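[1] generate a structure from the sequence data that follows.
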Amino acid sequence: MKQTAGPATTAIKALLTLMYGVPILWIVLTSFKSSADVFGLQSSFAFRPVTTAYVEAFDGALLTALRQSLLISTGTTALTLLVAVPAAYGLARTTGRISTIGLSLLIVLQMMPQTATVIPMFQIFGNWKLLDSTLGVIIADTALLIPFATLLLRPFFRAVPPQLEEAASIDGASILRAFFSIVLPVARNGVFTVGTLVFLLSWGEFLYAVNFFLAPGSYPLSALLAQQVSAFGINWPGLMALAVLTSIPILIVFTGTYRLLRDGLTVGAVK
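    Here you go, the predicted model:
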């Protein structure tokens, strides 16, 4: 028998819809306004839509920023999983003081403010000739997200029964073969879930991109949005148009992975 939502649940859903839906609606409507209609009370909903902001947004800078965001997000996701997957598996199969120390270090690193790492990384990347390069930003984002990804992946590997690996070892499989042939396929939903979260977070990362790219022409989409705010004012239609265009790839990724993300987070929460 299907349960119907109560009045309290309906009210909470309506409140959340208003909280998140009204700002999104305002962003979309503003992107189709002219600068004169942005703050006009009578033109909040009744205005003549124009596509000037979108026409101006589609230039070389947008395409370059889109390519940079894709490279940074894809590279960060691959490199983060390359380090976090074996680290999480090791912590899941290790017990005692070593596991406790490792988890404590990850929590401390996760709590460290991102702003505290900008100056040391800037000096290190300057010595390594990685400033103003996409690789430098990928490494910085990877260092930021590895503790987060490792902590999320550990419950998925702990949910894999060790008896499966023991049976594989009896059949003559090595530790690496058992990991790639048995453990990783069983925990693949968790890996995909964490990979999606890392991709979304690295897509919107702003601080490292602004500081480690010395030329604005190399900025990703997250930093390109900030260029709409200047000392001469804010181009609100242009800013909102860029916000809409920047959100489209994320919406596609989220829509395509929603079911996997929902199921993976649920499994990771209860295991």
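
[2] low-confidence regions, the stretch 51-200 of the chain specifically.
    Scanning the stretch 51-200 of the chain for pLDDT under 70 picks out nothing.

[3] which residues of the stretch 101-250 of the chain fall in strands?
    229-230, 233-234 (DSSP state E, counting those that start in this stretch).

[4] average pLDDT for the first one?
    Same thing as strand 229-230. Throughout strand 229-230, pLDDT has a mean value of 66.

[5] compute the first-to-last residue distance for stretch 25-45.
    From its first residue to its last, stretch 25-45 covers 10 Å (C-alpha to C-alpha, to the nearest Å).

[6] next, the buried residues of that stretch.
    27, 29-33, 37-38 (16 or more other C-beta atoms under 10 Å). (Each C-beta comes from the backbone N, C-alpha and C, glycine too.)

[7] cool, stretch 103-116 as well?
    Buried residues in stretch 103-116, defined by neighbour count with 16+ other C-beta under 10 Å: 103, 106, 109.

[8] could I get the buried residues of stretch 25-45 as JSON lines with secondary structure and distance to Thr246?
    JSON lines is the format used below for these (DSSP: H, G, I helix; E, B strand; the rest coil; distance: C-beta to C-beta, whole Å):
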{"residue": "Ile27", "secondary structure": "helix", "distance to Thr246": "11"}
{"residue": "Leu29", "secondary structure": "helix", "distance to Thr246": "17"}
{"residue": "Thr30", "secondary structure": "helix", "distance to Thr246": "15"}
{"residue": "Ser31", "secondary structure": "helix", "distance to Thr246": "11"}
{"residue": "Phe32", "secondary structure": "coil", "distance to Thr246": "16"}
{"residue": "Lys33", "secondary structure": "coil", "distance to Thr246": "18"}
{"residue": "Asp37", "secondary structure": "helix", "distance to Thr246": "22"}
{"residue": "Val38", "secondary structure": "coil", "distance to Thr246": "19"}
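
[9] in these, find the pair that's most separated.
    Spanning the widest gap among the buried residues of stretch 25-45 are Ile27 and Asp37, at 14.6 Å by C-beta to C-beta.

[10] what about the helices in the protein?
    7-31, 52-57, 60-93, 97-111, 118-127, 134-158, 162-170, 175-178, 184-186, 188-203, 207-212, 221-226, 236-270 (DSSP state H).

[11] excluding sequence neighbours, find me the nearest residue to the most centrally placed residue in the chain.
    When C-alpha atoms, centre = their mean is applied to the chain, the residue found nearest the centroid is Leu201 (1.7 Å). Distances taken as C-beta to C-beta, 6 or more residues apart in numbering place Leu145 nearest to Leu201, at 6.2 Å, with adjacent residues excluded.

[12] now do Ala57
    Per C-beta to C-beta, 6+ apart, closest to Ala57 is Ala241, 4.8 Å.

[13] go ahead and confirm that neighbour touches Tyr54.
    Yes: using C-beta atoms under 8 Å, Ala241 is in contact with Tyr54, at 5.0 Å.

[14] for those two, list the residues in contact with both.
    Ser31 (C-beta atoms under 8 Å, 6 or more residues apart in numbering).

[15] counting neighbours, go ahead and name the busier of the two.
    More neighbours surround Ala241 than the other of Ala241 and Tyr54, with 27 against 16 (other C-beta atoms under 10 Å).

[16] distance-wise, check Thr193 relative to Thr257.
    8 Å (C-beta to C-beta, to the nearest Å).

[17] could you do Thr64 as well?
    26 Å.

[18] what's the answer for Leu251, then?
    Counting by C-beta to C-beta, the gap from Leu251 to Thr257 is 11 Å.
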